[in-house]
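Enquirer: what shape does this take:
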Amino acid sequence: MVHQTIATKINPAPKASSKINNMCVCPCSKLTVIAVHKPLAGAWRSVSRWLLPCFLAACASQVPLPSPAPAPASSAPVAPLSIPTITAKPAPTVTELPLATVPDKRSRLVAVEWRDLPGWDKESMPEVWSVLLGNCERPSGSLAALCPQVRRLTLASDEEQKQWLMQTLQPHRIESLEGEADGLLTGYYEPVLEARKIPGNGFSVPLYRPPAGLKTGQPWFTRQEIESTQTAQAALHGREIAWLADPIDAMVLHIQGSGRLRITDSDGRIRTVRVGFAASNEQPYQSIGRWLLDKGEVKDASWAGIKAWLQRNPQKAQALLWVNPRYVFFKEEPIIDPSIGPRGAQGLPLTPGRSVAIDPLSVTYGTPLWMVTPGPTQSLQRLVLAQDTGSAIVGAVRADLYMGTGAAAGELAGRMKQPLRLWALLPKTP
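Expert: Got it, this is the predicted structure:
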């Protein structure tokens, strides 16, 4: 699930450090500085399927996660809020990932003590163990060796599980190369859209499979060219998966990278399928929300704000969409279990409130991260996993939190733009 994000505020997004001087994070003492981020080359194997139901909660499209606990006494209190969510289960197959390449020098790690992680003592081990077990579906590198112990400790007490994590993993504060530990958190989700198998009755916006001959890394036609030139349209003829009614909904799907379609077939039957990211035209992403803000057209660049602007300016709709030259092609995927989220770039189903998209040149896929973010949309102190990426997610302390499926998750994701700090939890070296 490769996605982008749009701007949601009137001014260009500042460095988050300018906004979080009062962030409720305990000060961290520098013990060791690692200038180059050594990769974690993946995650761990899953527990047997007969064991997982004991630990995974019953799934629903929007089930609030338990509220995070306040920070320790040395920090300002953080008001708990819940995330509407579904609980994702591990993928049905086990696949070994190749060793990851060394990330670029976009971040550095500073070893700290566990007591320096705000809220760690209040974390819910049942939730943590569920996502760790799921992460073991695609193990590799140093974390793969820990998966047998993760499975053996499934029936252990919360205290035993937490003690094992603290004895086995070393927390490291993630910083930019300039030593900046403050960053930015946004949110994304899986939309659910009405679609038709054949065009007509207002459904005229196609979703395409990749065209024949499309090459990774080689720019193809821009969005404007795809929608207006005969050459591009001829290359895509017969590649339609389904048709949507609203071009903005199609843009949302392109940006989120994955979604569910309620497709009405030609015989009137309705089926729900998932479409996932298959490829892009390799053109740069440009935010239409940022464009509207820069032009002074809107003060609210959320999807709701953009749709309201389009209702007032329908004649400008196509010009607005053409601001973003990037175009995404999809692949159709069956939904075997509606409770399971879309697959992220790591190849595993995303878990609402526990999966984040990161810059893979700063953080390796599968890395357990301790995340702290103070409101206004969500105040959270919890363990998350680096399982996805997005073209707008760039930098050392930068993450996009997966919120779940459907309209409620989308509303929450659209408002998420707030300060962030991250700690990588890495296996201790002998």
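Enquirer: walk me through the domains of the protein.
Expert: 19-188+353-427, 196-333 (automatic domain parsing).
Enquirer: now the ones you listed as CSV including mean neighbour count and mean pLDDT?
Expert: (Each C-beta comes from the backbone N, C-alpha and C, glycine too.) Putting the domains of the chain into CSV (neighbours: other C-beta atoms under 10 Å; pLDDT from 0 to 100) gives the following:
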stretch, mean neighbour count, mean pLDDT
domain 19-188+353-427, 20, 74
domain 196-333, 17, 94
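Enquirer: among the ones you listed, which is nearest Gly344?
Expert: For the domains of the chain, the distance to Gly344 is smallest for domain 19-188+353-427, at 3.2 Å, taking C-beta to C-beta.
Enquirer: how close does the residue most central in space within the chain get to Lys122?
Expert: Residue closest to the average C-alpha location in the chain (C-alpha atoms, centre = their mean): Ala357, at 3.7 Å. Per C-beta to C-beta, to the nearest Å, Ala357 is found 25 Å from Lys122.
Enquirer: same list, the domains of the chain, but as JSON lines with distance to Ser339 please.
Expert: Listed next are the domains of the chain as JSON lines, based on distance: least, C-beta to C-beta, whole Å:
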{"stretch": "domain 19-188+353-427", "distance to Ser339": "3"}
{"stretch": "domain 196-333", "distance to Ser339": "12"}
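Enquirer: the helix or strand hosting Arg421 packs against which elements?
Expert: In the assignment (DSSP states H and E), Arg421 maps to strand 417-427. Using 3 or more C-beta pairs under 8 Å, 6 or more residues apart in numbering; DSSP states H and E, the elements in contact with strand 417-427 are helix 141-144, strand 169-175, strand 183-190, strand 368-373, strand 398-405.
Enquirer: same list (the ones you listed) but as TSV, adding distance to His237.
Expert: Putting these into TSV (distance: least, C-beta to C-beta, whole Å) gives the following:
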stretch	distance to His237
helix 141-144	44
strand 169-175	47
strand 183-190	29
strand 368-373	44
strand 398-405	32
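Enquirer: out of these, nearest to Ser204?
Expert: strand 183-190 (23.6 Å).
Enquirer: could you export the closest one as PDB, CA atoms only?
Expert: Provided in PDB are the C-alpha atoms of strand 183-190 (Å, rounded to 0.1, in the frame of the first residue of the first chain):
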ATOM      1  CA  GLY A 183       9.200  15.300  13.600                       C
ATOM      2  CA  LEU A 184       5.700  15.000  12.000                       C
ATOM      3  CA  LEU A 185       2.900  12.400  12.200                       C
ATOM      4  CA  THR A 186       0.100  12.200   9.700                       C
ATOM      5  CA  GLY A 187      -2.600   9.600   9.100                       C
ATOM      6  CA  TYR A 188      -4.000   7.500   6.200                       C
ATOM      7  CA  TYR A 189      -6.800   4.900   5.700                       C
ATOM      8  CA  GLU A 190      -8.500   2.500   3.400                       C
END
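Enquirer: which element follows it toward the C-terminus?
Expert: Taking DSSP H and E, what comes next after strand 183-190 is strand 192-196.
Enquirer: and the angle from that following strand to strand 398-405?
Expert: Between the axes of strand 192-196 and strand 398-405, defined by axes from the mean of the first three to the mean of the last three C-alpha atoms, to 10 degrees, the angle is 60 degrees.
Enquirer: buried residues of strand 192-196, list them for me.
Expert: 192-193, 195-196 (16 or more other C-beta atoms under 10 Å).
Enquirer: about what we covered before: out of the helices and strands packed on strand 417-427, which gets nearest to Trp220?
Expert: Using C-beta to C-beta, the nearest of those to Trp220 is strand 183-190, at 24.3 Å.
Enquirer: strand partners of that closest one, parallel vs antiparallel please.
Expert: strand 398-405 (parallel), strand 417-427 (antiparallel) (DSSP bridges).
Enquirer: let me have those in TSV, adding distance to Tyr327 as columns.
Expert: TSV is the format used below for these (distance: least, C-beta to C-beta, whole Å):
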stretch	distance to Tyr327
strand 398-405	20
strand 417-427	25
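Enquirer: now the end-to-end length of stretch 240-252.
Expert: 18 Å (C-alpha to C-alpha, to the nearest Å).
Enquirer: my guess is Trp309 meets Leu293, correct?
Expert: No: here Trp309 lies out of contact with Leu293, judged by C-beta atoms under 8 Å, at a distance of 10.9 Å.
Enquirer: show me where the chain has helices.
Expert: 125-135, 141-144, 147-152, 158-168, 223-228, 230-236, 247-256, 288-294, 303-312, 317-321, 407-415 (DSSP state H).
Enquirer: run the chain-centre distance for the first one.
Expert: Think helix 125-135. 17 Å (C-alpha atoms, centre = their mean, to the nearest Å).
Enquirer: then the shortest one?
Expert: Distance of helix 141-144 from its chain centroid, counting by C-alpha atoms, centre = their mean, is 22 Å.
Enquirer: could you name the helices and strands sitting against it?
Expert: Taking 3+ C-beta pairs under 8 Å, 6+ apart as the contact cut, helix 141-144 packs with strand 417-427.
Enquirer: and what of the first one?
Expert: Contacting helix 125-135 under the criterion 3+ C-beta pairs under 8 Å, 6+ apart are the following elements: helix 147-152, helix 158-168, strand 380-390.
Enquirer: so can I have JSON lines of the ones you listed showing distance to Ser362?
Expert: Compiled in JSON lines, those are given as follows (distance: least, C-beta to C-beta, whole Å):
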{"stretch": "helix 147-152", "distance to Ser362": "24"}
{"stretch": "helix 158-168", "distance to Ser362": "23"}
{"stretch": "strand 380-390", "distance to Ser362": "9"}
